[in-house]
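*Asks:* pasting the structure only:
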Ligand SMILES: C[S@@+](CC[C@H](N)C(=O)[O-])C[C@H]1O[C@@H](n2cnc3c(N)ncnc32)[C@H](O)[C@@H]1O
């Protein structure tokens, strides 16, 4: 007797269309081995949206860039969000026994250790990292962890920090006092841990990392496990290249075993017994992948960012920020601002202060960038995204971004502490406009 499929088979044409869209937008690869995941996920997403799968794809393709609700609806159903605390305990043991001790030796003075859980799903990996790092690093090295994912619903769960029993099924347990017992065998993360971890949306396909804006520069440790296995190899390779540039010298990148073979130059495979991880080579710095070749034109605001080279203090401050030494970056950026109150310099100081949680001064600095240079797009974007600004002021700045970029080509790069692509800035501004308007 043949089994009845849970979902009627979708035409190849529809699956091809879905595969192309998800490949281009998210790097995801669907093949005969995971055809069912796509087929069933797409059918579920279409049912939830009250339409046919083919129609859902047409609507998704036609949706304006600021509206990612349909993409989210599909992502939720076609990606694998499986995760739990201390998954692959061997990586956490390695972290405590080798990776953190090596980082402590390499960093000449005590400073914050900065880690990223990329593709963190509902957050268990990011919380686990914060716990393991805090224990291994000791009191001299405070720890901060960034958790990012493309799935916004999963990020909401991550931020809530409350989990069911299934999330604590690892053979490795949390250090005492970090996970409080919750109902039905579940857990809640300790308040002290919440200060160390921040969750934000980031599509690994977007060319926006490393950057100060996404707090993905100068990292000591990146965990990107069980993510790239679902990507096209070229897309996975591009992600690894960017991650290499996100690491400070000697920083570690922990990926799933199969991804190791995709490591680009500048990352070396380091083996500890049966487990291998990647390390950013110290001796050779590879030319960063941004801007992508052929080098796109960088737009500088007419009134300001002169083509002349930045001051030595600015360059040193940027280098310190790119190496993850935020304390020194603040000190040098202040000197750079004393040398020259240009938008780029003010913005750099604002970004490093913001990463250190000093957002009130960041706001003042961003305001000064646009007062001095009314066409400084990234200043307007920063103000439009700043939650301390009022909704009408945020909208004013975000609309200014849209106007300033109206005639610009998608692939052009905007000058600022990190060159950011016009397409992405435009999308960010449009999405923020929608969010602020919806909340009113
Ligand atoms: C299997 S989970 C891995 C969770 C965690 N890293 C672990 O190993 O336990 C894979 C995650 O990758 C995310 N993902 C897939 N494509 C992505 C993309 N283009 N950008 C960011 N995250 C993505 C999915 O949303 C999902 O949450």
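*Replies:* All right, it came through fine. Since we're looking at a predicted model, the values are computed, not measured.
*Asks:* and the pLDDT at residue 59?
*Replies:* On the pLDDT scale, residue 59 is placed at 96.
*Asks:* now swap in the one 10 residues further on and tell me
*Replies:* Residue 69 carries a pLDDT value of 91.
*Asks:* check contacts around the residue of the stretch 301-440 of the chain found nearest the ligand.
*Replies:* The stretch 301-440 of the chain approaches the ligand most closely through residue 424 (13.7 Å), counting by Cβ to the nearest ligand atom. Using the backbone N, CA and C atoms, a C-beta is placed for each residue, glycine as well. Residue 424 makes contacts with 206, 207, 208, as judged by Cβ atoms under 8 Å, 6 or more residues apart in numbering.
*Asks:* would you quantify the distance from the last one to residue 148?
*Replies:* If you measure residue 208 against residue 148 using Cβ to Cβ, to the nearest Å, the figure is 11 Å.
*Asks:* between the two, what contacts are shared?
*Replies:* residue 202.
*Asks:* the two: who's more crowded?
*Replies:* residue 148 (24 against 21; other Cβ atoms under 10 Å).
*Asks:* contacts only, for that one.
*Replies:* 116, 117, 118, 119, 120, 199, 200, 201, 202.
*Asks:* so where is the stretch 151-300 of the chain shaky, pLDDT-wise?
*Replies:* 283-300 (pLDDT under 70).
*Asks:* tell me which parts of it are close to the ligand?
*Replies:* Applying Cβ under 6 Å from any ligand atom, we find that the stretch 151-300 of the chain lies next to the ligand at 151, 154, 203, 204, 205, 225, 226, 227.
*Asks:* what do you get for the stretch 1-150 of the chain?
*Replies:* So the stretch 1-150 of the chain meets the ligand at 26-28, 79-83, 87, 119-121, 125, 149-150 (Cβ under 6 Å from any ligand atom).
*Asks:* burial count for residue 337?
*Replies:* For residue 337, using other Cβ under 10 Å, the count is 21.
*Asks:* and for residue 314?
*Replies:* 23.
*Asks:* again, but for the one 3 residues further on
*Replies:* By other Cβ under 10 Å, the residues close to residue 317 number 28.
*Asks:* so it versus residue 35, what's the distance?
*Replies:* Residue 317 is 50 Å from residue 35, by Cβ to Cβ.
*Asks:* ok, now residue 119?
*Replies:* Residue 119 sits 22 Å away from residue 35, going by Cβ to Cβ.
*Asks:* okay, the two: which has more neighbours?
*Replies:* Higher neighbour count among residue 119 and residue 35: residue 119, with 26 against 15, using other Cβ under 10 Å.
*Asks:* my read: that one touches residue 147, true?
*Replies:* No. Using Cβ atoms under 8 Å, residue 119 is not in contact with residue 147; the gap is 9.3 Å.
*Asks:* wasn't the residue of the stretch 301-440 of the chain closest to the ligand part of a strand?
*Replies:* No. Per DSSP: H, G, I helix; E, B strand; the rest coil, residue 424 lies outside any strand segment and is helix.
*Asks:* per-residue pLDDT of it, please?
*Replies:* With respect to pLDDT, residue 424 scores 93.
*Asks:* where's it relative to residue 411, distance?
*Replies:* In terms of Cβ to Cβ, residue 424 sits 10 Å off from residue 411.
*Asks:* and if you look at residue 34?
*Replies:* Distance of residue 34 to residue 411, computed by Cβ to Cβ: 31 Å.
*Asks:* quick check: residue 13 is in a helix.
*Replies:* Yes. Secondary structure of residue 13 (three-state DSSP): part of a helix.
*Asks:* who's in contact with the closest residue to it other than its chain neighbours?
*Replies:* Setting aside the residues directly before and after it, residue 13 is nearest to residue 54 in space (Cβ to Cβ, 6 or more residues apart in numbering), at 7.9 Å. The contact partners of residue 54, taken as Cβ under 8 Å, 6+ apart, are 11, 13, 14, 17.
*Asks:* ok, now with 10 Å
*Replies:* Contact analysis of residue 54 by Cβ atoms under 10 Å, 6 or more residues apart in numbering lists 10, 11, 13, 14, 17, 18, 42, 46.
*Asks:* circling back: the ligand: which of the contacts of residue 148 is nearest?
*Replies:* residue 119 (3.4 Å).
*Asks:* surely that closest one meets residue 205?
*Replies:* No. Counting by Cβ atoms under 10 Å, residue 205 is not a contact partner of residue 119; they are 11.5 Å apart.
*Asks:* so what sits against both of these two?
*Replies:* Shared contacts of residue 119 and residue 205 (Cβ under 10 Å, 6+ apart): 150, 231, 239.
*Asks:* residues near the first one, how many?
*Replies:* Neighbouring residues of residue 150 were enumerated by other Cβ under 10 Å; the total is 24.
*Asks:* that one is in contact with residue 71, isn't it?
*Replies:* Yes. Counting by Cβ under 10 Å, residue 150 does reach residue 71; the two are 8.6 Å apart.
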